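Colleague: Sequence plus the predicted model coming up.
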Amino acid sequence: VQMTTDEIRVTLSVCCYCGTGCGVRIQSKGEQVLSVEGDRAHPSNAGLLCSKGMALPGTIRRDTTRVLHARLRDRQTGQYRQIDMAEAFDVAAKVISTTVREAGPQSMGFYLSGQLLTEDYAIFNKMARVLVGTNNIDTNSRLCMSSAVSGYKMTLGADAPPASYEDIELADTVLIAGSNMAYAHPVLFRRLMQARQLRPHMKIIVIDPRNTDTAQAADLHLAVTPGADVALFHAMLNVMVWENLIDHDYIARYTDGFPALKDRIREFTPAAAEGVCGVAAADIVKAARWFAQSAATLSLYTMGLNQSSSGTAKNMSLIHLHLATGHIGRPGTGPFSLTGQPNAMGGREAGAMATLLPGHRDPVNPVHRQEVAALWGADSIPDTPGHPAVAMFDALLEKRIRVIWIAATNPAQSLPDQTRVRKAMQSADFVIVQEAFADAETLAYADLILPAATWPEKEGTVTNSERRISRVRAAIAAPGDALADWKIVQQVAQRVARQIAPEKEALFSYADEAQIFAEHAALTAGRDLDYSALSFDVLEQLGPVQWPFTQSGTPRLYTNHVFATPNGRARFAAVGYVAPVENISAHFPLRLTTGRLRDHWHTMTRTGLSQTLIGHVEEPVVHLHPSDMARYRIGDQALVTIRSRRARLVLPAQADETLKPGCAFVPMHWGSRFMAGDGINGLTHGATDPDSGQPELKHCVIGVQAYQPV
Ligand code: SF4
């Protein structure tokens, strides 16, 4: 894997940004990364990289932009002092042990990240559930794909994207919903564009309130009103039923529940739905026909469906279209959720979320709890439900959680309703922040800062959107005192065990990442994702593989149309359309949606270090339709005050005809370190989907007015 030529090392690894999971070849010399190029042998990207992947060398620093040492805050003076790692582990262990002893296990919370590797997730999860004794463990993946998880489970029976990237090249119709792939998953978008060159008959439908670069490449763009996707999908199904385009045989043989859904969608005629979802009835009919009549239809979807108070219903109503037409389990078909983060999938597999357990098990299921406990060598897993991300910070604010350990994520920028989130961290008894980048806003709330290694300094595995597990390899050593996340957890866990449960110390005695992976893989045995036959050695021999994996990987699920439900039949559910939580009013007349830019990643702690990337868009602006700018007397590039029910922000306005009138767009990347106030997510609200717990980051209502200096 690693070759040495004149001291230049080549290390095969995976890009650390999006869920595409592109394989990379890192060229390094000493502790310097010289270049990063696409790995032609990696099946997910075949050598392709996007602008973010190519600019990775410019983001690797060993200077003050990194958290290099542990620091402890004096609560009286607010001053930090540098401490060595042994003292840092002792402090963390003492705080956790004392809190668990005095306030109980539910007073502790762990908030993790889709940036972590599966091995990091696995050890954090074990520490939370069996050592501390709480299910209060969740991750920023909650903000990204938890509605996709619940959508899959409620229809197909398991959290398993059924398709592969190669299905992009085999589809005749591709429906892209709530995804600006051209920016968020650029290599997949390039694969799609190349596929269309080879298959000129391919039709692409894009559902997005904005006429994004992705939408501009579509044969049909459905500019849905933000939040109204369920009405649109139901209307498409209504057309399919009315025009007899559904696959009656498939529905009868492989599914349950269609009659109730058929009754529910009766009222969603294209004409009626047009008034709700803002898409012309004729376009709804056209989309339904293209979807149903094509030989192979693939759907690709992400945050636009997931980040919603009805995210699960949106996912389900799209999956219904596949089940009703039999576009699943065959090449070029399937409902395929694209994950945002590089290892959101691995976090799901490791069960490091309040609503999951390892191996796609459920914490509410006593048999599953017992299975995990036994495989971990522990007595039990607690049965008290844990708090998902937004609720975890609510619990912190209300003092039901006293101490929180945050790793590899920046909630002081990324969670909605920032005023509340920041108050929560300020009011905590103790905040531990394990972080690599010194710019992260969350560090300002830390009592203890733990320096973490990051890409390309870590060893382990990640799983990408197509269920492909790849090895992540270290090309250089971590700077300063920074350590791999799992090593930090191990050190603290062993110390906590000594104080509150000495018999559990041995549960954390791993020699390396391969051992953690082996334990984790064993937890998947007999489950839908089974990759218990995998090990670091096997990955070394075979390269990246897709789960489930026995002797070989599995590119496509449900090819026998037996689903992961108890009776093997997929489920329709008569889900209704529910409008977003906030509605426009005289005071808040515009709908604000947030999203990604091509060259930035999340809160820009990494991409903000690259001169190449920052040049794409240097500052945040609010995009408004010219008709709204005229209505509110706002000039192009003029400063504008944006008000939501929670916060105000001042940003330059930019006229943007790709928006629907009445809608506004702000990129999600800029936080409080770039502007007065709480950043973009000061505006958004923390209402969540009742099934997935995912917050409605894609919709809130705002008012705008020309900025008046006080
Ligand atoms: Fe990295 Fe995603 Fe770009 Fe691939 S598409 S290079 S994984 S950011």
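Modeller: Everything's here; your move. Numbering: from 1, shown residues only.
Colleague: mind checking how far whichever residue of the stretch 201-350 of the chain sits closest to the ligand is from residue 427?
Modeller: Here the stretch 201-350 of the chain gets closest to the ligand at one residue, residue 342, 6.8 Å apart by C-beta to the nearest ligand atom. C-betas here are computed from N, CA, C, even on glycine. Applying C-beta to C-beta, to the nearest Å, the value for residue 342 to residue 427 is 32 Å.
Colleague: Looking at those two, which one has more neighbours?
Modeller: Using other C-beta atoms under 10 Å as the criterion, residue 342 and residue 427 rank with residue 342 on top: 29 against 12.
Colleague: in what helix or strand does that one lie?
Modeller: For residue 342, there is no enclosing helix or strand under DSSP states H and E.
Colleague: got the contact list for it?
Modeller: Residues near residue 342 by C-beta atoms under 8 Å, 6 or more residues apart in numbering: 14, 15, 16, 17, 18, 19, 21, 114, 115, 462, 464.
Colleague: What is the neighbour count of the closest residue to the ligand within the stretch 401-550 of the chain?
Modeller: The minimum distance from the stretch 401-550 of the chain to the ligand, using C-beta to the nearest ligand atom, falls at residue 464 (7.8 Å). Using other C-beta under 10 Å, residue 464 is surrounded by 31 other residues.
Colleague: Chain neighbours aside, what residue packs nearest to it?
Modeller: Distance criterion C-beta to C-beta, 6 or more residues apart in numbering; nearest residue to residue 464, sequence neighbours excluded, is residue 21 at 2.6 Å.
Colleague: Quick check: the gap between the one you found and residue 352.
Modeller: 18 Å.
Colleague: Equivalent analysis for residue 397, please.
Modeller: Taking C-beta to C-beta, one finds residue 397 at 23 Å from residue 352.
Colleague: The contacts of residue 342 into TSV, with extra columns for distance to residue 529?
Modeller: Putting these into TSV (distance: C-beta to C-beta, whole Å) gives the following:
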residue	distance to residue 529
14	19
15	23
16	23
17	24
18	21
19	16
21	16
114	17
115	21
462	15
464	14
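Colleague: Quick one: neighbours of the residue of the chain found nearest the ligand, just the number.
Modeller: Nearest residue of the chain to the ligand, counting by C-beta to the nearest ligand atom: residue 53, 2.5 Å away. By other C-beta under 10 Å, 23 other residues sit near residue 53.
Colleague: got it, and the one 3 residues further on?
Modeller: The criterion is other C-beta under 10 Å. On that basis, residue 56 has 24 neighbouring residues.
Colleague: got a list of what the closest residue to it other than its chain neighbours touches?
Modeller: Distances taken as C-beta to C-beta, 6+ apart put residue 36 closest to residue 56, at 4.4 Å, once the chain neighbours are dropped. Residues near residue 36 by C-beta under 8 Å, 6+ apart: 15, 24, 25, 26, 27, 49, 53, 54, 56, 57.
Colleague: Make sure the fourth one is actually in contact with residue 10.
Modeller: Yes - the pair residue 26 and residue 10 passes the contact test of C-beta atoms under 8 Å, sitting 7.1 Å apart.
Colleague: and the residue lying closest to residue 503 once chain neighbours are set aside, which of the three is it?
Modeller: Using C-beta to C-beta, 6+ apart and skipping residues adjacent in sequence, the residue nearest residue 503 is residue 497, 7.9 Å away. The three-state label given to residue 497 by DSSP: H, G, I helix; E, B strand; the rest coil is helix.
Colleague: Is the residue nearest to residue 56 in a helix, a strand, or coil?
Modeller: Reduced to three states by three-state DSSP, residue 36 is strand.
Colleague: for the one 5 residues further on, same thing?
Modeller: Following three-state DSSP, residue 41 is assigned to coil.
Colleague: mind checking how far it is from residue 325?
Modeller: 36 Å.
Colleague: Please identify which of the two sits among more neighbours.
Modeller: residue 325 (22 against 12).
Colleague: Identify the residues contacting the more buried one.
Modeller: 240, 245, 246, 247, 250, 291, 292, 297.
Colleague: Leaving out chain neighbours, which residue sits closest to residue 261?
Modeller: Residue 261's closest residue in space is residue 572 (C-beta to C-beta, 6+ apart), at 4.3 Å.
Colleague: Just the CA trace of stretch 354-368, in PDB.
Modeller: The C-alpha coordinates for stretch 354-368 follow below in PDB (Å, rounded to 0.1, in the frame of the first residue of the first chain):
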ATOM      1  CA  ALA A 354     -29.100   7.600  20.200                       C
ATOM      2  CA  THR A 355     -31.600   5.700  18.100                       C
ATOM      3  CA  LEU A 356     -29.300   3.000  16.900                       C
ATOM      4  CA  LEU A 357     -27.100   0.200  18.200                       C
ATOM      5  CA  PRO A 358     -24.200  -1.500  16.500                       C
ATOM      6  CA  GLY A 359     -25.100  -3.800  13.500                       C
ATOM      7  CA  HIS A 360     -28.300  -1.800  12.700                       C
ATOM      8  CA  ARG A 361     -29.900  -2.800  15.900                       C
ATOM      9  CA  ASP A 362     -32.400  -0.800  17.900                       C
ATOM     10  CA  PRO A 363     -31.900   0.400  21.500                       C
ATOM     11  CA  VAL A 364     -35.600   0.000  22.200                       C
ATOM     12  CA  ASN A 365     -35.400  -3.800  21.500                       C
ATOM     13  CA  PRO A 366     -34.300  -5.700  24.600                       C
ATOM     14  CA  VAL A 367     -33.000  -8.600  22.500                       C
ATOM     15  CA  HIS A 368     -30.800  -6.300  20.500                       C
END
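Colleague: List the buried residues of that stretch.
Modeller: Residues of stretch 354-368 classed as buried by neighbour count (16 or more other C-beta atoms under 10 Å): 354, 355, 356, 357, 358, 359, 360, 361, 363, 368.
Colleague: Give me the distance from it to the chain's centre.
Modeller: Stretch 354-368 sits 20 Å away from the centroid of its parent chain (C-alpha atoms, centre = their mean, to the nearest Å).
Colleague: Same question for stretch 692-703.
Modeller: For stretch 692-703, the distance to the chain centre is 15 Å (C-alpha atoms, centre = their mean).
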